[in-house]
Structures are given as C-alpha cells and as structure tokens.
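> The sequence and its predicted three-dimensional model are supplied below.
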Amino acid sequence: PLPPAPPSQQHLHHHQQQQQQPPPPPPQQQPPPPPTLLPPTPPQGHVFLGQQQPPPPPGLLQILMSAEKCQELIWSAKMSEASSPIGIPQPTSPQSSLSLSLSPTWEVLQETTARLLFMAVRWVRCLAPFQTLSKHDQLLLLQESWKELFLLHLAQWSIPWDLSPLLNSDKARERLPADDTKVNNEMKIIQEILARFRQLSPDGSECGCMKAVILFTPETPGLIDAQPVEMLQDQAQCILGDYVRGRYSRQPTRFGRLLLMLPNLRAVRQATIERLFFKETIGDIPIQRLLGDMYHMEKSYA
C-alpha cells in the first residue's frame, strides 16, 4: 500500500492556528453589590446616635469600675480614721452584709453623709469621659445630679445599716416642715429606695452604670452641648443592660428594676435632702453653691 500523502501547507497552517489560539476567557465576574445604607452593627454595649456619630470611647465600664474601686478605698480609709462609737463594716460584698442590722446614731449618720457627698464629687472627678465636656457643662451636670448621686451613694454604702428608726424618729421630723404632704411622701420614697437597694444588692458595675445614667442627663437645662452627654448616657445604659443580662441571666427583670429606681431618686427635692442629712454639717447654705468649690478642690488634689 502507498504511504499517506504528506499534509498540505494549507492544512498545516490551519492546524498551527488552532494550537496557537488562546484559551477562552474565564466567565466575567458579577460586580459586587452596592454597599448597604444601614449603619454597621455596634459592638456589644455601644450604641450609635446617628449615621455620622463616631463610636463611643471604649472602656467606659472599666472606667466606671475604676471609679467604684476608688470609692471602696476612700470609704475604707475614712472609716478607719473615724472615731465612731460603733464599728461600720465595709459593704464591699453587700450580700454578706444583709444579715447585719446596725442602727447608727444621728451624729454618726451626719458625719457619714458629709463624707458620702465628698465621695460622690470624687467619683465624678474620677470619670475621664466627664472631663472631656466643657467646664460649664461639667459643673451644671454635677449641680443638677448631686442629690441623686448622694442618695445612690447612701443606699450603696449603708446596706449594713437599718436607717428606718432614724428616719422615723422625732429628730428627723424636727428637721423638716411639719404636716407637709410632699415631705411625708419623700420620706417614704427615701426608705423605699434604701429597702429596694438592700433587696437587689447591686454590685459595683451596676452601681457605676446607674450613677453614670443619672450624671449624664442630656435634658439638663442650660447645657452647651447635649450630644456627647446623650451619647454617654446611652452607652452607660446599654452597658448596664448587657452586663446584667450576662451576669444575672436568671433574673430577667433585674435590669428593669434597677432602672425603675432612678425616677424615685429624682422625686425627692434637694431641699429635703439638705434639711434631713446636712443641717448640722453645712447649715442653711445650698449645696449647689458649695459644689463648685468642692469640685475644684477635688481637682487640685487629683
């Protein structure tokens, strides 16, 4: 048989073109979807107040806990220096103090309340986010919230005490207007606050967050810039909610009960607190007038 004929030049050229032809391009990728217009999910414990609002400064819970730790150290130092006729246990663990039922004298209570007021001012001074506000807003927020902060400090640090006998005594009535319906209701509210605090026994983190919610009140009249105040209050409230749900998961109503205590704090007038707890130590001078000097004095010592 004859050998196969050699391929023609045209056939070879067509075969080379097929070998040199580049591979087909990969399928065209779909363009990425347009970015969503929803704001990013904030980290746990933080909230954004608006689309342009930057994330809040991290570590507010740590700052509040550090301030609460300072409170414990101050309380321990003050109580160790006091020449009180009775021993005042330090309620660093409120749950272990519920079995105690000490009833201090009026003299001890007056001395202690004066210290608690200074502790409240020192607590405010320890908050770094508070120092970022204008000096005008700092003093205004302190003047408008000192009464609530004092009551929270009193409830927090008097857990081992039973103040009912003193608050129902004739000495307490002598300091207040007689037959005043508002005053009578306020006395009941104060005792309800103390009783509820003993029942719930908030820990240091909860106390710090509650104080921050009270201090950073954006509705305070006269603020120069209410936006950072509102951001800090929202952040403190969210941190409190996250903390309670994580730490006390078996108490689903605890967060709500803690927040419901705050309106009661505002229901007591400043004049009632001044007459009841500060008549002997401060006299008739309004505490609002003293807060500026107290705050700047704490700054000089800080």
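Yep, that arrived. Numbers count the residues shown, from 1 in each chain.
> Look at residue 283 and say how many residues are nearby.
Neighbours of residue 283 under the rule other CB atoms under 10 Å: 8. Backbone N, C-alpha and C define where each C-beta goes, glycine included.
> Please confirm that it is located within a strand.
No - going by DSSP: H, G, I helix; E, B strand; the rest coil, the assignment for residue 283 is coil, not a strand.
> Next, it: phi, psi?
Here is the backbone geometry of residue 283 (degrees, to the nearest 10): phi 80, psi -140.
> give me every residue that touches residue 106.
For residue 106, the contact set (CB atoms under 8 Å, 6 or more residues apart in numbering) comprises 166, 171.
> ok, now with 6 Å
Residue 106 is in contact with residue 171, counting by CB atoms under 6 Å, 6 or more residues apart in numbering.
> roughly how far apart are it and residue 175?
10 Å (CB to CB, to the nearest Å).
> Same check on residue 120?
Counting by CB to CB - residue 120 and residue 175 are separated by 21 Å.
> So the two - more neighbours on which side?
Remark: of residue 120 and residue 175, residue 120 carries more neighbours, 26 against 17, as counted by other CB under 10 Å.
> quick one: low-confidence ranges for the stretch 151-300 of the chain?
For the stretch 151-300 of the chain, applying pLDDT under 70 flags the ranges 298-300.
> Which parts of it are strands?
For the stretch 151-300 of the chain, no strands are identified by DSSP state E, counting those that start in this stretch.
> Which parts of it are helices?
164-167, 170-174, 181-200, 204-215, 227-247, 254-266, 270-277, 287-301 (DSSP state H, counting those that start in this stretch).
> buried residues in the fifth one?
This means helix 227-247. Neighbour-count burial for helix 227-247, counted by 16 or more other CB atoms under 10 Å, picks out 228-244.
> Show me what it is packed up against.
helix 204-215, helix 254-266 (3 or more CB pairs under 6 Å, 6 or more residues apart in numbering; DSSP states H and E).
> Can you lay out those helices as TSV showing distance to residue 114 and mean neighbour count?
Putting the helices and strands packed on helix 227-247 into TSV (distance: least, CB to CB, whole Å; neighbours: other CB atoms under 10 Å) gives the following:
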stretch	distance to residue 114	mean neighbour count
helix 204-215	19	24
helix 254-266	19	16
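> Using JSON lines, please lay out the ones you listed together with distance to residue 163.
Output for those, formatted as JSON lines (distance: least, CB to CB, whole Å):
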{"stretch": "helix 204-215", "distance to residue 163": "18"}
{"stretch": "helix 254-266", "distance to residue 163": "16"}
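> Nearest to residue 191 among those would be which one?
Residue 191 lies closest to helix 254-266 among the helices and strands packed on helix 227-247, at 10.6 Å (CB to CB).
> Contacts for that closest one next, please.
Contacts of helix 254-266 (CB under 6 Å, 6+ apart): 148, 151, 189, 193, 196, 241, 244, 248.
> Mind doing that once more with 7 Å?
148, 151-152, 189, 192-193, 196, 200, 202, 206, 210, 213-214, 240-241, 244-245, 248 (CB atoms under 7 Å, 6 or more residues apart in numbering).
> What would it look like as CSV? C-alpha coordinates only.
The C-alpha trace of helix 254-266 is given here as CSV (Å, rounded to 0.1, in the frame of the first residue of the first chain):
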residue,chain,number,x,y,z
ARG,A,254,-33.3,42.8,87.2
PHE,A,255,-32.3,45.4,84.6
GLY,A,256,-35.8,46.9,84.6
ARG,A,257,-35.9,47.0,88.4
LEU,A,258,-32.6,48.8,88.5
LEU,A,259,-33.7,51.4,86.0
LEU,A,260,-37.1,51.9,87.8
MET,A,261,-35.2,53.1,90.9
LEU,A,262,-33.9,56.1,89.1
PRO,A,263,-37.2,58.1,88.8
ASN,A,264,-37.6,57.7,92.6
LEU,A,265,-34.3,59.4,93.1
ARG,A,266,-35.5,62.4,91.2
